[in-house]
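1. build me a model:
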Amino acid sequence: MFIYALIICLTTSLSTCQNYENQFCTYNSSHSLNQFSTPNYTDIICMNMILNDTMKLKLENQSKPLHIRSSIQLINITGNITTKTLVLFPFVNNVLIYRCRIDNIDADFKSLVHLHIAESIIPNISKEMFQENRYYLLSFGLHSNVGLKFGESPFELLDYLDDLIIYNQSLSSINDCFFNGLNHLKYLVLNKNDIKYLHENAFIGLNELREINMDNNPLEYFTTNIRHMHKLEKLSLLHTNIREFHVTQFFPLIKMRVLKIPFPAARDIEVSGLAIGFPNLRNIVVDSHDIDEDSDMFKLRNLRLAGLNVDRISKLPTEVSIFAGRLKYEFPSLESDVSKKFPFC
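-> Sure thing, here's the model as predicted:
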């Protein structure tokens, strides 16, 4: 599993990077920065720097390109990211941008496979941003970035993207062209984005999707067309305001195995409808805070008698842990003791 474990201090505002005399990156060591470790990669940490258009990130005493598969974390960086920024790391596969202030991203990273940006100030997301990396990027994540906006069809050029995570961004509605071009997308996480409206054709063209997660959004209806998603295995709508879920709108989805919905939406689902609509469904997870009557418990027993595994969840954890395919994000709570170790935050 491709893992980014972020255990860094969280503060109330983005700090301005300092211009240190010697701006060098460092290898991740097992005793100082092991929380950034990415298995099977050489981890390189670039921290507290100011970048201009011509600056090349490098290790101390490095003069030649590093020809090993690497993962680079840019932490508390300000400036521009260009093709020259990582020219000494031609085999960088993974880039994490964390708590940075980036004015412009204009880079051609032909080996870049995973790009994840968290708690940073970056340019708005547009299709032009990915012009040079469209054939290589497989996973892209956005997490709690300040004031981030999206252009029209922002991911249209990402033909081969497998995983897309958009978490805790200001994204109140999704129109019918937002996901244009994502013909190979397999995992989609749209968690905690204040989504209130989802166009009925928002997912048209996403024929390869295996998993959709829309937890923690004030969404009242899910009537989006997903009949074409013959490979969909998991749909999660926990902690939304959805009160009705009509299986007949979606079937037959023969590979659907896991359904997570608020209990009010599950209350009126007929077992016979599930058998026809989702014939291979194995697990149902419901919000349990709305379950307080004997009739509700009877409904859950009926689902179990039909051979389904039924789980109840009262609330999702305050620490963020998002799984999507090979990806994992972890953001600790504000009380983390790790904050004492990183005074740059």
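
2. next one: the residue nearest to Tyr197 when sequence neighbours are not counted from Glu270, what distance?
-> When the adjacent residues along the chain are set aside, Tyr197 lies closest to Ser173, with 4.0 Å between them (C-beta to C-beta, 6 or more residues apart in numbering). For the C-beta atoms, the positions are set from N, CA and C on the backbone; glycine is no exception. According to C-beta to C-beta, to the nearest Å, Ser173 stands 31 Å off from Glu270.

3. which strand in the chain runs the most residues?
-> In the chain, assigned by DSSP state E, the strand with the most residues is strand 70-82.

4. strands paired with it, and their directions?
-> Counting by DSSP bridges, the strands paired with strand 70-82 are strand 42-51 (parallel), strand 92-98 (parallel), strand 101-106 (parallel).

5. so for Gly307, which of these sits nearest?
-> Comparing those against Gly307 with C-beta to C-beta, the closest turns out to be strand 92-98 (41.4 Å).

6. gap between the closest one and the chain center?
-> Centroid separation for strand 92-98 versus its chain: 14 Å, with C-alpha atoms, centre = their mean, to the nearest Å.

7. could you do stretch 91-105 as well?
-> Computed by C-alpha atoms, centre = their mean, the chain-centroid distance of stretch 91-105 equals 15 Å.

8. likewise for stretch 95-106?
-> 16 Å.

9. same thing with stretch 135-148?
-> Centroid separation for stretch 135-148 versus its chain: 7 Å, with C-alpha atoms, centre = their mean.

10. ok, now stretch 52-68?
-> With C-alpha atoms, centre = their mean, you get 29 Å for stretch 52-68.

11. what does stretch 68-86 give?
-> Worked out by C-alpha atoms, centre = their mean, stretch 68-86 lies 20 Å from the chain centre.

12. wait, Arg210 sits on Val189?
-> No. With contact defined as C-beta atoms under 8 Å, Arg210 does not count as touching Val189 (12.0 Å).

13. the two: which is more packed in?
-> The neighbour comparison of Arg210 against Val189 (other C-beta atoms under 10 Å) goes to Val189, with 25 against 18.

14. ok, the more buried one touching Ile166?
-> Yes. With contact defined as C-beta under 8 Å, Val189 reaches Ile166; the gap is 6.9 Å.

15. how about the strands of the stretch 151-300 of the chain, start to end?
-> Here the stretch 151-300 of the chain has its strands, by DSSP state E, counting those that start in this stretch, at 163-167, 173-174, 187-189, 197-198, 211-213, 234-236, 258-262, 283-287.

16. and of these, who's closest to Pro154?
-> Closest among the strands of the stretch 151-300 of the chain, using C-beta to C-beta: strand 163-167, at 10.2 Å.

17. what mean pLDDT does the closest one have?
-> Mean pLDDT, strand 163-167: 94.

18. send the alpha carbons of that strand over as PDB?
-> Extracted as PDB, the C-alpha positions of strand 163-167 are listed here (Å, rounded to 0.1, in the frame of the first residue of the first chain):
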ATOM      1  CA  ASP A 163      -7.200   7.800  -7.400                       C
ATOM      2  CA  LEU A 164      -8.600  11.200  -6.700                       C
ATOM      3  CA  ILE A 165      -9.000  12.500  -3.100                       C
ATOM      4  CA  ILE A 166     -10.600  15.900  -2.400                       C
ATOM      5  CA  TYR A 167     -11.000  16.300   1.300                       C
END
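
19. circling back: list the contacts of the residue nearest to Tyr197.
-> Applying C-beta atoms under 8 Å, 6 or more residues apart in numbering to Ser173 gives the contacts Ile195, Lys196, Tyr197, Leu198, His199.

20. among these, list the two that are farthest apart in space.
-> Using C-beta to C-beta, those span at most 11.8 Å, a distance reached by Lys196 and His199.

21. His199 against Phe179, yeah?
-> No. With contact defined as C-beta under 8 Å, His199 does not reach Phe179; the gap is 10.1 Å.

22. neighbour count winner among these two?
-> Neighbours around His199 and Phe179, counted as other C-beta under 10 Å, are more numerous at Phe179. The numbers are 24 against 16.

23. need the contact list for that one.
-> The contact partners of Phe179, taken as C-beta under 8 Å, 6+ apart, are Phe155, Leu185, Leu188, Ala202, Phe203, Gly205, Leu206.
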